[in-house]
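In: Please find the sequence and the predicted model below.
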Amino acid sequence: MRLDELAKILNGVVVGDGSVEISGVAGIKEAGRGDITFLVNPKYESFVSTTRASAIIVANGRKSMPIPVLQIDNPYLAFLKAVRLFRGDTQKVEPGVHPSAVIGKGVKLGEGVSVGPYVVLEEDVELGDDVVIMALSYVGARSKLGTGTFVYPGVTIREDIVVGRRVIVHSGTVIGSDGFGFARDGEVYHKIPQVGNVEIGDDVEIGANVTIDRATTGTTSIGKGTKIDNLVQIAHNVVVGENCIIVAQVGISGSTEVGKSVTLAGQAGIVGHIKIGDYAMVGSQAGVTKSVRARARVSGYPAAPHEVSKRLYASLRRLPELIRQFRDFEKRLRVLEGKEPLDEGADDVEAADDD
Amino acid sequence: MRLDELAKILNGVVVGDGSVEISGVAGIKEAGRGDITFLVNPKYESFVSTTRASAIIVANGRKSMPIPVLQIDNPYLAFLKAVRLFRGDTQKVEPGVHPSAVIGKGVKLGEGVSVGPYVVLEEDVELGDDVVIMALSYVGARSKLGTGTFVYPGVTIREDIVVGRRVIVHSGTVIGSDGFGFARDGEVYHKIPQVGNVEIGDDVEIGANVTIDRATTGTTSIGKGTKIDNLVQIAHNVVVGENCIIVAQVGISGSTEVGKSVTLAGQAGIVGHIKIGDYAMVGSQAGVTKSVRARARVSGYPAAPHEVSKRLYASLRRLPELIRQFRDFEKRLRVLEGKEPLDEGADDVEAADDD
Amino acid sequence: MRLDELAKILNGVVVGDGSVEISGVAGIKEAGRGDITFLVNPKYESFVSTTRASAIIVANGRKSMPIPVLQIDNPYLAFLKAVRLFRGDTQKVEPGVHPSAVIGKGVKLGEGVSVGPYVVLEEDVELGDDVVIMALSYVGARSKLGTGTFVYPGVTIREDIVVGRRVIVHSGTVIGSDGFGFARDGEVYHKIPQVGNVEIGDDVEIGANVTIDRATTGTTSIGKGTKIDNLVQIAHNVVVGENCIIVAQVGISGSTEVGKSVTLAGQAGIVGHIKIGDYAMVGSQAGVTKSVRARARVSGYPAAPHEVSKRLYASLRRLPELIRQFRDFEKRLRVLEGKEPLDEGADDVEAADDD
């Protein structure tokens, strides 16, 4: 395909030679002759001069490049479309139920469903059209998976879970494990039965080895379009809104409500029973102990508004120097108060400087 | 069932109309007509006026409520009993061994055992009475599981592991993986064979995707009644006492000893080769680098007594202001020392205040 | 075996009675009569006088011990060899393919391969000689595992993954899950297909429930000899060098490059798109936000050179006291400036000291 033909499909503008042949797509470092690549992250600017790619997708209004350019509003989205165009779906799965799959009583399977080897579907499971359950995954009784949902190998979805349409669940993930709830009786803890469930909205993606606990009563829910990275913990009765980004190793404690379009960066921890407002951003490793207002950006431990945290950490770096100056002040005060002779004090400071 | 009948079973006192019919149990937000709910967390106080529940379980000595009340010593425990009463066991499992289960030589199965599809029990495994091993779980050679232990789908229990009675293991959890031990030889690391095992006490519950490593030699052990949340890491030769609470994403490094009734809050990290005393509490995200005394409460990074940490973080918040004042002091000192004229200094301070 | 015979095999020197019989090997606390143990960690020094071991392996140049000693350059390595000598391989696996394994078209199996029950090998998988795939593990299409690689139960290796020789992969681990990459389009996120792969070098060990994402395009790679502990997250396009130690619950964000012989301590988090230089050491729970120079040692949040971080935290501990003194200075300054009478101020300070 010629670059100008690709530009027409992606709805972009060519700057430079539109006749170059594009036969593939790759990252700026990996790209070779015939590949189109893209530039969004300024950290990769320097690779523009060394990439072997035949063309590059950039944002509108970018200055000239040493190779032919495809200018477009959203380069990342255009790259996505190019990957789909040239690579197709890498994970091809044949429809049909593998003879080794264990299908419980009352299971309903939609059209075009693919159920892999050693899959276990318990009683009354419902799979919508084109659902894929890959090998060695388990779906508990009465759980329902919507049209086009894709479950990778080795996933556990417990009983009574509702999963929307076009959801992707990666390997090792557990949906609907019991919430962590115990009633204390002296030194002994008694388990509170966790009889609620989990609901996952349409177009959610859940990474590998994630855990999402079922509610004590009621529902743990993940809003549509939300994307969850690997090894994330979502506790019982948590409610996550739509289109959130939850990065790897984040933990959200019980009954916390996360608004829509919230970003939780890697390893952040959120205590239970609070609210994170819409469009809020929580920094990586932040420890959020109080509710966060809509559109706020918080970071640090305990989490504070990002500008405050930045100032605190900047101040902290100056603290050792401050303590040193402070001792000097003490001396100068004592001199002014007539408690210490001037010269001796000065000598002490000299001496202190030597070690 | 009437509320006053339920009160008799739970050993509580009705305040208000004891004749209301109770047919279910639910959280304060989810409850509908006919449900009994409960109130422990003061954050949910405001829901009392809006809940649709027909009655509410509260602690003794609580003031009046707009709906009939069941007063009791331990509302959480009463709620637990009510859930069991009205909901029964949600996870019903038929006894019997699924024909697809692979049962090794010398395996001993107790009465009423349930072994699900595609379970693999290696040689000489012993399951006590009423043990449940759900689909797609693996138990290694010579491991023993006590009476009434329940293993959810997709669990791996390696060889030579000893699991007590009434233990619950959630999906994706790995018990007995090799400890992380290597002998360094120049730049190369050689694996130290991990030939110890793991012992899990009675009534322990282990969440989803937890990892508990086997000992190098000897035993990694979890005391009876301890409850472990999801995605927790317990390294080789760790010893955890009885009735501990270990919240999600905590990591305990090798050979550390945790006493009894210890609470480790979410994402806390504990270094190796130390002791956490009985009844100690470690705050969320704390980084514990030294042994902790019995009944101590520590938090922060590096972890310090909670009161100290709180004071430090409070002080830290005042640090930027302190640095500003400090500059003012410097000026005032210089004026007093006769190194700077009075007026000029004052002007500077004014100017600084404007931005 | 006599101690002096063992010393010859391990190439060490006996101090004390070389005729004692050694029949086993164990940690210093667990050891009994007939066992040899070892001492490396000074924290275990006090156990030397109480151990029931019959002999002890120590570093050259150690002072005398109450029991016979085997002196050697690298006691940890000698212990490793002794464990192998006395315990043999604990995890014995029979070669052969279990009849229940699902073997796709075009799969190539080397000599002596062991494939356990309910293993699924998709089309065109290649297993080198002596590869072991234990029960309930999955290997995706076209993936290749080198000679002697050992995969524990319940592992998922996705399609197109390249695993070297003598690699060990523990249970629950997922290699090749999709990277976390989305193109934003207004409020909606579109998935960027992740069409790259993962390459694991020779002699790598990967703990339990680890996640290693495949690259967007190109390769996520782990250098030979690197050891990864449990619950670690390695994002797409990360490159880890040779002989690194990555401790439990570490997270490495996308496209970051980790040099060789780097140590990342437990729960550390590394942002994306940076470089960690060769031989660098990152402290536990550190939050690394910028590239780290070779041989540097960093800790804290945000990560700074370890010496700087230590000083900061030491200063921080003095901050509450500093704030108290500061108020005293303010008073003394005001007195010197003639704004406050001397006596009154002094009294106030006394009063403040009492509580």
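Out: Okay, I see it.

In: near chain B, which residues of the stretch 51-200 of chain A show up?
Out: Residues of the stretch 51-200 of chain A found near chain B (Cβ under 8 Å from any Cβ of the partner chain) are A:102, A:118, A:120, A:136, A:138, A:140, A:154, A:156, A:158-160, A:172-174, A:177-178, A:180, A:182-185, A:187-193, A:195-196. No exception for glycine: its C-beta is placed from N, CA and C like everyone else's.

In: how about a cut-off of 6 Å?
Out: Residues of the stretch 51-200 of chain A lying close to chain B (Cβ under 6 Å from any Cβ of the partner chain) are A:102, A:118, A:120, A:138, A:156, A:172, A:174, A:177, A:180, A:182-183, A:185, A:187-190, A:192-193, A:195.

In: which residue sits closest to residue A:52, ignoring its sequence neighbours?
Out: residue A:32 (5.1 Å; Cβ to Cβ, 6 or more residues apart in numbering or on different chains).

In: go on, residue A:227?
Out: In space, residue A:227 is closest to residue A:205, 4.8 Å off (Cβ to Cβ, 6+ apart).

In: and if you look at residue A:34?
Out: Among residues not flanking residue A:34 along the chain, residue A:23 sits closest, at 4.2 Å (Cβ to Cβ, 6+ apart).

In: Could you tell me the model confidence score at that neighbour?
Out: We have a pLDDT of 91 for residue A:23.

In: taking the residues of the stretch 51-200 of chain A next to chain B one by one, which sit in strands?
Out: When these are checked against strands (DSSP state E), the matches are A:102, A:120, A:138, A:156, A:174, A:177, A:182, A:183, A:185, A:188, A:189, A:190.

In: domains for chain A, by residue range?
Out: Per automatic domain parsing, the domain ranges recorded for chain A read A:3-87, A:96-306, A:309-354.

In: winner for burial among the ones you listed?
Out: Sort these by mean neighbour count, taking mean count of other Cβ atoms under 10 Å in any protein chain shown, and domain A:96-306 sits at the top with a mean of 23.

In: That one spans what distance, first to last residue?
Out: Domain A:96-306 has an end-to-end distance of 51 Å (Cα to Cα, to the nearest Å).

In: chain center to it, what's the gap?
Out: Distance of domain A:96-306 from the chain centroid (Cα atoms, centre = their mean, to the nearest Å) equals 13 Å.

In: Residues of chain A that sit close to chain C?
Out: A:26-27, A:30, A:43, A:76-77, A:80, A:83, A:87, A:90, A:117-118, A:135-136, A:153-154, A:170-172, A:208-209, A:225, A:227, A:229-231, A:243, A:248-249, A:261, A:266-267, A:284-285, A:316, A:319-320, A:323, A:333, A:336.

In: Out of these, which sit inside strands?
Out: Going by DSSP E, the strands hold residue A:227 from the residues of chain A next to chain C.

In: need the contact list for the residue of the stretch 251-355 of chain A found nearest chain B.
Out: In the stretch 251-355 of chain A, no residue comes nearer to chain B than residue A:315, which is 4.2 Å away by Cβ to the nearest Cβ. Applying Cβ atoms under 6 Å, 6 or more residues apart in numbering or on different chains to residue A:315 gives the contacts B:319, B:320, B:323.

In: Dump the ones in strands among the residues of the stretch 51-200 of chain A next to chain B to CSV, plus pLDDT.
Out: Shown next, in CSV, are those (pLDDT from 0 to 100):
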residue, pLDDT
A:102, 98
A:120, 98
A:138, 98
A:156, 98
A:174, 98
A:177, 98
A:182, 93
A:183, 88
A:185, 87
A:188, 94
A:189, 94
A:190, 91
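
In: Report the two of these separated the most.
Out: Greatest spatial distance among those (Cβ to Cβ): A:102 and A:185, at 39.4 Å.

In: follow-up on the earlier one: gap between the residue nearest to residue A:52 and residue A:23?
Out: When distance is defined by Cβ to Cβ, to the nearest Å, residue A:32 is 10 Å away from residue A:23.

In: before we move on, back to that, return the member of the contacts of residue A:315 nearest to chain C.
Out: For the contacts of residue A:315, the residue nearest chain C by Cβ to the nearest Cβ is residue B:319; the value is 6.8 Å.

In: contacting residues around the closest one?
Out: Shown in contact with residue B:319 (Cβ under 6 Å, 6+ apart): residue A:315.

In: swap in the one 4 residues further on?
Out: By Cβ under 6 Å, 6+ apart, the residues touching residue B:323 are residue A:315.

In: tell me the helices in the stretch 1-150 of chain A, going along the chain?
Out: A:3-10, A:75-87 (DSSP state H, counting those that start in this stretch).

In: make that the stretch 251-355 of chain A, sorry
Out: Under DSSP H, counting those that start in this stretch, the stretch 251-355 of chain A gives helices at A:306-336, A:342-354.

In: mind checking which of the ones you listed is nearest residue B:300?
Out: Closest to residue B:300 of the helices of the stretch 251-355 of chain A, according to Cβ to Cβ: helix A:306-336, at 13.4 Å.

In: what mean pLDDT does the closest one have?
Out: If you average the pLDDT over helix A:306-336, you get 88.

In: what inclination does it have with respect to helix B:306-336?
Out: Angle of helix A:306-336 versus helix B:306-336, following axes from the mean of the first three to the mean of the last three Cα atoms, to 10 degrees, is 50 degrees.

In: so how far is the first residue of stretch A:289-299 from its last?
Out: By Cα to Cα, one end of stretch A:289-299 lies 11 Å from the other end.

In: Run through the stretch 201-350 of chain A and note the low-pLDDT ranges.
Out: A:341-350 (pLDDT under 70).

In: Near chain B, which residues of it are found?
Out: Counting by Cβ under 6 Å from any Cβ, the stretch 201-350 of chain A sits next to chain B at A:209, A:211, A:217-218, A:233, A:251, A:269, A:273, A:287, A:311-312, A:315, A:332, A:336.

In: Quickly check these for the two that are furthest apart.
Out: Farthest-apart pair in these is A:217 and A:336; separation 69.3 Å (Cβ to Cβ).

In: Mind pulling up the pLDDT for residue A:66?
Out: pLDDT, residue A:66: 87.

In: Phi and psi next, for it.
Out: With angles defined as degrees, to the nearest 10, residue A:66 sits at phi -70, psi -10.

In: tell me the contacts of it?
Out: Residue A:66 neighbours (Cβ under 6 Å, 6+ apart): residue A:49.

In: I'd like to know how far it sits from residue C:106.
Out: 43 Å.

In: weakest of the helices of the stretch 1-150 of chain A in terms of mean pLDDT?
Out: Taking the mean pLDDT of the helices of the stretch 1-150 of chain A, helix A:75-87 comes last: a mean of 86.

In: Test my guess that residue A:209 contacts residue A:174.
Out: No: applying Cβ atoms under 6 Å, one finds residue A:209 not in contact with residue A:174, separated by 8.2 Å.

In: Show me the residue at the heart of chain A, geometrically.
Out: What sits nearest the mean C-alpha location of chain A, by Cα atoms, centre = their mean, is residue A:247, with 2.6 Å.

In: Dump stretch A:247-266 to PDB, restricted to CA.
Out: Once non-C-alpha atoms are left out, stretch A:247-266 reads as follows in PDB (Å, rounded to 0.1, in the frame of the first residue of the first chain):
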ATOM      1  CA  VAL A 247      -2.400   0.800  36.300                       C
ATOM      2  CA  ALA A 248      -0.600  -2.300  37.500                       C
ATOM      3  CA  GLN A 249      -0.500  -3.300  41.200                       C
ATOM      4  CA  VAL A 250      -3.000  -0.700  42.300                       C
ATOM      5  CA  GLY A 251      -5.100  -1.700  45.300                       C
ATOM      6  CA  ILE A 252      -8.600  -0.300  46.000                       C
ATOM      7  CA  SER A 253     -10.100  -1.200  49.400                       C
ATOM      8  CA  GLY A 254     -13.600  -2.100  50.200                       C
ATOM      9  CA  SER A 255     -16.700   0.000  49.400                       C
ATOM     10  CA  THR A 256     -14.700   2.800  47.800                       C
ATOM     11  CA  GLU A 257     -16.300   4.600  44.900                       C
ATOM     12  CA  VAL A 258     -14.200   5.700  41.900                       C
ATOM     13  CA  GLY A 259     -15.800   8.200  39.600                       C
ATOM     14  CA  LYS A 260     -15.600   8.200  35.800                       C
ATOM     15  CA  SER A 261     -12.500   8.900  33.700                       C
ATOM     16  CA  VAL A 262     -10.300   8.500  36.800                       C
ATOM     17  CA  THR A 263      -6.600   7.600  36.400                       C
ATOM     18  CA  LEU A 264      -4.900   5.500  39.200                       C
ATOM     19  CA  ALA A 265      -1.200   5.200  38.500                       C
ATOM     20  CA  GLY A 266       0.900   2.200  39.300                       C
END
